[in-house]
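**Q** quick one, what's the 3D model for this:
(one chain, ligands or ions: 1)
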Amino acid sequence: MFEKVLVANRSEIAVRIIRACKEMGIKTVAVFSDVDRDALHVRMADEAYHIGPPPARESYLRIDKIIDVAKRSGAEAIHPGYGFLAENAEFAQACEDAGIVFIGPPKESIVAMGSKTVARQTAMKADVPVIPGTLEPLSDEEIFQKAEEIGFPIMLKAVAGGGGKGMRLVKSREELESAVRLARSEAKGAFGDDSLYIEKYIENPRHVEMQILVDRYGNGIYLGERECSIQRRHQKVIEETPSVIMDEELRRRMGEAALRVAKAAGYYSAGTVEFLVDKDRNFYFLEVNTRLQVEHPVTEMVTGIDIVKEMIKIAAGEKLSYTQDDVKMEGASMEFRIYAEDPFNNFMPAPGKITGFRVPGGPGIRVDAGVYEGAVVPMEYDPIVAKLIVWGKDRKEVIERSKRALREFVVRGIKTTIPFHLVVLDDERFVSGDFDTTFVESVLDKLGRGSQEGLELALALAAIAEDQKEYASERVCKEGGMDPWKFFGRKMLMRTCWW
Ligand code: MV4
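**A** As a prediction, this is how the structure comes out:
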């Protein structure tokens, strides 16, 4: 096993990886930019090295500097976390060239799955259903022709895309020409590659993904699914497992399909195979995420398997320590992403100093935070502050426990998505499990799309339901400019919060 690992990331995921290393007796090396000098991941690592100014391009994305730190510190391996260099084949190559282990999949798999058409070909070869469409990048002429064959509506997608970036719904022939032009220029700008392909449009799908672990010797297991349909603009908001649409048989078929794709791609490490699921519970391969994902903890909560430790062990050349029969899903889990964003103002980033931070506790609660009281959330990076992960014996207990925990969660000084989660937990469609990928937009519609009225309604829901007195008084008075005495009643405000 490695003696020292460099963590090429920041915030909660760097902290998560450092924790796994500590439990494995591995020394850790952090890297940080100017604004992260006092960050939690820097404080928790055994050593920390400055790598540059705040913009990621000049720090967390600097392959040369990170490799240099690994050499200077004597780290034998680098964990990239998610984002930044996690799916960068050039970085995996640079690690190899420097004699450092990249804790992730082989670079060939990163390249192959990075091309969405190659990924589709791979899935097809593996006998996994793909969305009807093309398997090659297309010229404009070919797009016009294929669109007619497939039939509108269609999705125009960037070959180099993924995660919803560079994607366009085209409802009719009339829209196609300008859509192609726009999609190409978007793709060129975002990925430096304007190649496009098309797919049949699947209406109101659910987004279900399968977690897999594969070692270097071809042993693979699936750890069950994550339901990720609660998203806004392709940014996941809440993830859960199991998915309410899943049963044993569908899980087995989807899990085995995911492992076949991995095998066909020569994949090892932790990975995720994404599927779209239609109303009739047909599933279609979407793409492969060749990295540790933000939402991996919900899978850890129900399987008891530490995905980060397994990933490190696989990178070190160990055999998988579990067989498929060892994998048992127990209970249910949800993850709530706590972002420094204002959910009542179009999820506007709200970086700043955290003046108060108190995390929930008690049965079934896990908090993966990247901050502490007094820390500053810089504006340069993804504004994730923490993840609240909740376990319960069933989905109902998870929902009740989550409400309790979100109400316990105190983050002061910055706006966060906590109240938005409370609104979702009060939505009967969410509670019944009857939702798809359009759910978040419909909640925002219900709330009046970030209007003052919507804010008040949301805060009222969050506050009236339980003792969010301080939340109500402080937030509603200061930001809503309203009279909380009138709104919530004298009695409620008289009872003071213990914090
Ligand atoms: C689709 C689709 C419908 N039909 N592809 C969005 C994320 C990216 N990974 C793929 N996405 C979609 N691809 C076809 N052929 C609908 C979406 C989609 C979506 C998927 C998952 C979660 C949320 C979504 C929100 C809008 C659209």
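
**Q** up against the ligand, what does the stretch 251-400 of the chain have?
**A** Counting by C-beta under 6 Å from any ligand atom, the residues of the stretch 251-400 of the chain close to the ligand are 276, 286-287. All C-beta atoms are positioned from the backbone trio N, CA, C, and that covers glycine.

**Q** again, 8 Å this time
**A** The stretch 251-400 of the chain comes close to the ligand at residues 274, 276, 284, 286-287, as judged by C-beta under 8 Å from any ligand atom.

**Q** flag the shaky bits of the stretch 351-499 of the chain, pLDDT-wise.
**A** Applying pLDDT under 70 to the predicted model, the residue ranges of the stretch 351-499 of the chain that meet it are 448-499.

**Q** let's go with 50 and repeat that
**A** For the stretch 351-499 of the chain, the stretches with pLDDT under 50 are 464-470, 472-473, 484-485, 487-499.

**Q** can you report phi and psi for the residue in it that the ligand sits nearest to?
**A** Using C-beta to the nearest ligand atom, the point where the stretch 351-499 of the chain gets nearest to the ligand is Thr437, with a distance of 3.4 Å. In this entry, Thr437 is assigned phi and psi values of phi -70, psi 0 (degrees, to the nearest 10).

**Q** pretty sure Ala20 contacts Glu310?
**A** No - no contact is recorded between Ala20 and Glu310 when judged using C-beta atoms under 8 Å, the distance being 9.3 Å.

**Q** show only the entries of the residues of the stretch 251-400 of the chain next to the ligand found in strands.
**A** In this view, those that belong to strands under DSSP state E are 274, 276, 284, 286-287.

**Q** out of these, which is most surrounded?
**A** By neighbour count, taken as other C-beta atoms under 10 Å, the most surrounded of these turns out to be Leu286 (25 neighbours).

**Q** so that one sits right up against Ile131, yeah?
**A** Yes - with the criterion set as C-beta under 8 Å, Leu286 and Ile131 qualify as a contacting pair; they are 7.5 Å apart.

**Q** what sits in contact with each of the two?
**A** Taking C-beta atoms under 8 Å, 6 or more residues apart in numbering as the contact criterion, the residues that touch both Leu286 and Ile131 are Leu276.

**Q** for the residue of the stretch 351-499 of the chain closest to the ligand, grab the count of nearby residues.
**A** Around Thr437 sit 19 other residues, with neighbours defined as other C-beta under 10 Å.

**Q** again, but for Val308
**A** Under the criterion other C-beta under 10 Å, the count of neighbours that Val308 has is 24.

**Q** so who does it touch?
**A** Contacts for Val308 (C-beta under 8 Å, 6+ apart) come out as 16-17, 19-20, 79, 270, 292, 296.

**Q** can you show me the CA trace of the helix or strand hosting it as CSV?
**A** Using DSSP states H and E, Val308 falls within helix 307-315. Output of helix 307-315 as CSV, limited to C-alpha atoms (Å, rounded to 0.1, in the frame of the first residue of the first chain):
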residue,chain,number,x,y,z
ILE,A,307,-15.7,3.5,-2.0
VAL,A,308,-12.7,5.8,-1.5
LYS,A,309,-10.7,3.2,0.3
GLU,A,310,-11.6,0.6,-2.3
MET,A,311,-10.5,3.0,-5.0
ILE,A,312,-7.2,3.5,-3.4
LYS,A,313,-6.7,-0.2,-2.9
ILE,A,314,-7.5,-0.9,-6.5
ALA,A,315,-5.0,1.8,-7.6
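
**Q** contacting residues around Gly370?
**A** Residues 10-15, 39-41, 384-386 are the ones in contact with Gly370 under the rule C-beta under 8 Å, 6+ apart.

**Q** pretty sure Thr122 is touching Ser109, no?
**A** No - using C-beta under 8 Å, Thr122 and Ser109 do not qualify as a contacting pair, with a distance of 9.5 Å.

**Q** how much space between His50 and Ser11?
**A** In this structure, His50 and Ser11 are separated by 17 Å, where distance is defined by C-beta to C-beta, to the nearest Å.

**Q** between these two, which is the more surrounded one?
**A** Ser11 (25 against 15).

**Q** pLDDT wise, what is the more buried one at?
**A** Listed pLDDT for Ser11 reads 98.

**Q** what's the closest non-adjacent residue to it?
**A** Across the structure, with C-beta to C-beta, 6 or more residues apart in numbering as the measure, the residue nearest Ser11 apart from its sequence neighbours is Gly370 (3.2 Å).

**Q** now do the strand or helix carrying Ile110: which elements does it pack against?
**A** Secondary-structure assignment from DSSP H and E places Ile110 in helix 107-114. Based on contacts counted as 3 or more C-beta pairs under 8 Å, 6 or more residues apart in numbering; DSSP states H and E, the elements that helix 107-114 packs against are helix 89-97, helix 116-125.

**Q** would that helix count as contacting the ligand?
**A** No - remark: helix 107-114 sits outside contact range of the ligand, by C-beta under 8 Å from any ligand atom, the gap being at least 12.4 Å.

**Q** what does that helix contact?
**A** Outside helix 107-114, the residues that touch it by C-beta under 8 Å, 6+ apart are 87-89, 92-93, 96, 104, 118-119, 122, 160, 162, 265-268, 287-288, 290.

**Q** how deep is the closest residue to Tyr372 other than its chain neighbours tucked in, by neighbour count?
**A** Here the nearest residue to Tyr372 in space, its sequence neighbours aside, is Leu40; by C-beta to C-beta, 6+ apart that works out to 5.6 Å. Residue neighbour count, defined by other C-beta under 10 Å, stands at 20 for Leu40.

**Q** ok, the most centrally placed residue in the chain to Arg366 distance?
**A** The centre of the chain sits closest to Val294, judged by C-alpha atoms, centre = their mean, with a distance of 3.8 Å. Val294 is 14 Å from Arg366, where distance means C-beta to C-beta.

**Q** tell me who's in contact with Met246.
**A** Met246 neighbours (C-beta under 8 Å, 6+ apart): 208, 225, 254.

**Q** likewise for Pro55?
**A** Applying C-beta under 8 Å, 6+ apart, the residues near Pro55 are 33, 380.

**Q** do you know the pLDDT at it?
**A** With respect to pLDDT, Pro55 scores 98.

**Q** got it, and Tyr49?
**A** Tyr49 is assigned a predicted lDDT (pLDDT) of 98.

**Q** how far off centre is the helix or strand harbouring it?
**A** In this structure, Tyr49 is located in strand 47-52 according to DSSP H and E. The gap between the average C-alpha position of strand 47-52 and the chain average comes to 26 Å, counting by C-alpha atoms, centre = their mean, to the nearest Å.

**Q** buried ones in that strand, by neighbour count?
**A** When neighbours are counted by 16 or more other C-beta atoms under 10 Å, the buried residues of strand 47-52 are found to be 47-49, 51-52.

**Q** which ones are touching Leu276?
**A** 131, 202, 205-208, 283-284, 286.

**Q** which strands and helices sit next to the lengthiest strand in the chain?
**A** Taking residue count as the measure and DSSP E as the definition, the longest strand of the chain comes out as strand 220-232. Contacts of strand 220-232 with other secondary structure elements, assessed using 3+ C-beta pairs under 8 Å, 6+ apart, are made with strand 206-214, strand 235-241, helix 248-264, helix 296-303, helix 439-446.
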